[in-house]
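Trainee: 3D model of this:
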Amino acid sequence: MVEPRGEYLLVWTHHLYSTSSTLTLLDTWRNGKFRRGKNLFPDKLTDLQGTVIRVATFDHPPSVVYVYDQQHNIDSRLGVDMQIVQILAEARNFSIEFIEVSHDELWGFELPNGTWVGLVGKVFYELADIGACNMFLELHRWKQVDYSAPYNFERGCFVAPSPEPLSNWKSPTMPFTWTTWTSIGIGLGVGGVLLHLVVALSIRPESSEFRSVSYDYLYVLGALTMRSLNIKPSYQPVRVYVGCVWLFSLILATAYSANLVAFLSVTQMSAPINTMDQLSKSSLRLGGHAFWMTQFAASIDSTVRGFNDVLETDVNLHSLFNDVETGEFALIENKQYLELQIGARYTYGSHASIRIVPECLQIYSIGLAFQKNSPLKLHLNSLILQLFESGVVHKWQGEVVDYFRSQYASRRPRTSGNSRSRPLNLAHLQGVFYVLGIGYLVSTLILVLELIVTSQVWCKQFPQNFPTIQ
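Mentor: As a prediction, this is how the structure comes out:
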């Protein structure tokens, strides 16, 4: 600022980001020259002289992790983003005033009236000088804020329920596919008929048991279960045929028995969700921040664009993980955040109850948000690049991940480390009892049907023994 004062011109300057209205005299103009010869455009950002810089943020591990005291007041802030801001403050000699962002708004979004809320809104409306919390550098918000040089990179991924154990009542049928079972059923049907035909067409008569169709089917079924009836054919044609049936049954029963042991010993799981297409066809509801709607809408993938119509944004990210675990929701967030939550809160022993869908969205750069045309951007970018190139960012990330997981370690139940074989319980063998129950039911129905048919035959043959009721 230039101030005329008599025959002098006084040149004043101010301190950037200072709340004080005090000005500093740079030089005095008199008789056609400056008396001190000082630089009229000094670098004001190399040393901010303790000026307060407002930083908008919120709790979002591992980028930002809040540490609370016993009264649940914020004691300190950890995380990659907070470490970077602290290093910048030390290097440029400024102090930090944290501006808290509501967890209902997080990074922010545009309201129908065109105004912005959340972290982006704080920076855009000059309520904060810097926004720091896992800020994705993308085009949708660049008109509202300027971005720093990136210091991290991450993908956007979905987290979905882990595959569930299949019901054990199916265990007797699991060793073979349904195509194989159908072929075995056809083989049983054809085998009984062929055995009866071979016996009937044989020149020498076999024992009376083989001349019964029901007995022939029972004989073939006994061979399939390796419990053949103790009656052997007497002549060559039937012996050759029965030998082939025994050989076929031996191979089939051995394969079934060996595979059944594997299915009973290892818990079989349902098919996992591995792709966006599988996720779109599932019954899961989709939840996430409103930011993802803009990313879905701009996608060239029709499946991903369809998520824009079903994404539920009025959700609490922290509690939504519980709905993912119960099999109701799938949640979209950055991969580091998901991995940390899964490892800390939803891993029990060696098993995680939720998992990241392997097919993710594109890679995003992560940086800080500044006010539009902020002078801080150019002066801090060089420091941010030095931190990134040094590799210290990954060290900080590992430290905060270890800290966050330690906070939940005592809250998660631990599974036994005993790896010995477990005994089979009723749950493992319930399918066998179902088969037995079905056998009881079918034999009872056949018995009732036989009694009805027999009684009708007796009524026709001996009507005098069944008097008509008048």
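
Trainee: OK, contacts around Phe124?
Mentor: By C-beta atoms under 8 Å, 6 or more residues apart in numbering, the residues touching Phe124 are 116, 144-145, 371-372. C-betas here are computed from N, CA, C, even on glycine.

Trainee: Please produce JSON lines containing the residues you listed, extended by pLDDT and distance to Asn308.
Mentor: What follows is the contacts of Phe124, written out as JSON lines (pLDDT from 0 to 100; distance: C-beta to C-beta, whole Å):
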{"residue": "Trp116", "pLDDT": "93", "distance to Asn308": "20"}
{"residue": "Gln144", "pLDDT": "92", "distance to Asn308": "21"}
{"residue": "Val145", "pLDDT": "95", "distance to Asn308": "23"}
{"residue": "Gln371", "pLDDT": "94", "distance to Asn308": "30"}
{"residue": "Lys372", "pLDDT": "93", "distance to Asn308": "28"}
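
Trainee: Let's see if you can find the most crowded of those residues.
Mentor: Compared across the contacts of Phe124, Val145 has the highest neighbour count, 24 neighbours, by other C-beta atoms under 10 Å.

Trainee: Please name the nearest non-neighbouring residue to it.
Mentor: The shortest distance from Val145 to any non-neighbouring residue, by C-beta to C-beta, 6 or more residues apart in numbering, is to Ala369 (4.3 Å).

Trainee: Pull the contacting residues for the most centrally placed residue in the chain.
Mentor: Nearest residue to the geometric centre of the chain (C-alpha atoms, centre = their mean): Val159, 2.2 Å. Listed by C-beta under 8 Å, 6+ apart, the contact set of Val159 reads 321, 324, 330-331, 333, 338, 341-342, 354-357.

Trainee: and what of Ala369?
Mentor: Contacts of Ala369 were listed using C-beta under 8 Å, 6+ apart, and they are 119-120, 123, 130-132, 135, 141, 145-148.

Trainee: before we move on, what SS does the residue nearest to Val145 have?
Mentor: Judged by DSSP: H, G, I helix; E, B strand; the rest coil, the three-state class of Ala369 is strand.

Trainee: so the residue nearest to the centre of the chain, which of the three states?
Mentor: What three-state DSSP gives for Val159 is strand.

Trainee: Same question for Ser171.
Mentor: Three-state call for Ser171 (three-state DSSP): helix.

Trainee: Flag every buried residue along stretch 245-258.
Mentor: For stretch 245-258, the neighbour count (16 or more other C-beta atoms under 10 Å) marks 245, 248-249, 252, 256 as buried.

Trainee: now, the most widely separated pair of those?
Mentor: Across the buried residues of stretch 245-258, the longest distance by C-beta to C-beta is 15.9 Å; it joins Val245 and Tyr256.

Trainee: quick revisit: in CSV: the contacts of Ala369, plus distance to Ala409 and secondary structure.
Mentor: Shown next, in CSV, are those (distance: C-beta to C-beta, whole Å; DSSP: H, G, I helix; E, B strand; the rest coil):
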residue, distance to Ala409, secondary structure
Leu119, 30, helix
Val120, 35, helix
Val123, 36, helix
Ile130, 33, strand
Gly131, 32, strand
Ala132, 28, strand
Met135, 30, strand
Arg141, 37, helix
Val145, 37, strand
Asp146, 40, strand
Tyr147, 36, strand
Ser148, 34, coil
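
Trainee: The strand or helix carrying Phe98 - what's its average pLDDT?
Mentor: Phe98 is part of strand 94-100, with elements assigned from DSSP states H and E. Averaged over strand 94-100, pLDDT sits at 93.

Trainee: in the stretch 151-300 of the chain, which spans are helices?
Mentor: Taking DSSP state H, counting those that start in this stretch as the criterion, the stretch 151-300 of the chain carries its helices at 178-201, 213-224, 236-265, 276-281, 291-297.

Trainee: Format those helices as a markdown table; extra columns: mean pLDDT.
Mentor: As requested, the helices of the stretch 151-300 of the chain are exported to a markdown table (pLDDT from 0 to 100):
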| stretch | mean pLDDT |
| --- | --- |
| helix 178-201 | 86 |
| helix 213-224 | 82 |
| helix 236-265 | 82 |
| helix 276-281 | 93 |
| helix 291-297 | 90 |
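
Trainee: how much space between the closest residue to Val198 other than its chain neighbours and Leu224?
Mentor: Nearest-residue entry for Val198: Tyr241, 5.0 Å, with adjacent residues in sequence omitted and distances by C-beta to C-beta, 6+ apart. Plainly put, Tyr241 is 15 Å away from Leu224 if you go by C-beta to C-beta, to the nearest Å.

Trainee: quick one: what helix or strand has Val52 in it?
Mentor: Element membership for Val52, per DSSP H and E: strand 51-57.

Trainee: And that strand, what does it pack against?
Mentor: On a contact count with 3 or more C-beta pairs under 8 Å, 6 or more residues apart in numbering; DSSP states H and E, strand 51-57 meets helix 80-92, strand 94-100, helix 118-124, strand 130-136.

Trainee: Distance-wise, check the closest residue to Ser234 other than its chain neighbours relative to Gly287.
Mentor: Counting by C-beta to C-beta, 6+ apart, Ser234 lies nearest to Glu206, which is 6.0 Å off, once chain neighbours are set aside. Distance from Glu206 to Gly287, counting by C-beta to C-beta: 71 Å.

Trainee: who's more crowded, those two?
Mentor: Taking other C-beta under 10 Å, Glu206 and Gly287 do not tie; Gly287 has more neighbours (25 against 18).

Trainee: My guess is that one contacts Glu312. True?
Mentor: Yes - Gly287 is within contact range of Glu312, at 4.8 Å (criterion: C-beta atoms under 8 Å).

Trainee: how about a markdown table for the contacts of Phe124, with distance to Phe291 added?
Mentor: Listed next are the contacts of Phe124 as a markdown table, based on distance: C-beta to C-beta, whole Å:
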| residue | distance to Phe291 |
| --- | --- |
| Trp116 | 12 |
| Gln144 | 13 |
| Val145 | 13 |
| Gln371 | 20 |
| Lys372 | 19 |
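
Trainee: How about the contacts made by Leu311?
Mentor: By C-beta under 8 Å, 6+ apart, the contact set of Leu311 is 286-288, 292-293, 296, 332.

Trainee: Out of the residues you listed, flag the one nearest to Val67.
Mentor: Distance to Val67 across these (C-beta to C-beta) is lowest for Gly288, with 26.4 Å.

Trainee: where does the nearest residue to Asn381 once chain neighbours are set aside land in three-state SS?
Mentor: Counting by C-beta to C-beta, 6+ apart, Ala149 is the residue found nearest to Asn381 once chain neighbours are left out, at 4.5 Å. Here Ala149 is recorded as coil under three-state DSSP.

Trainee: Ala149 and Asn113, how far apart?
Mentor: Taken as C-beta to C-beta, the span from Ala149 to Asn113 is 33 Å.

Trainee: Settle it for me: which of the two has more neighbours?
Mentor: Ala149 (18 against 5).
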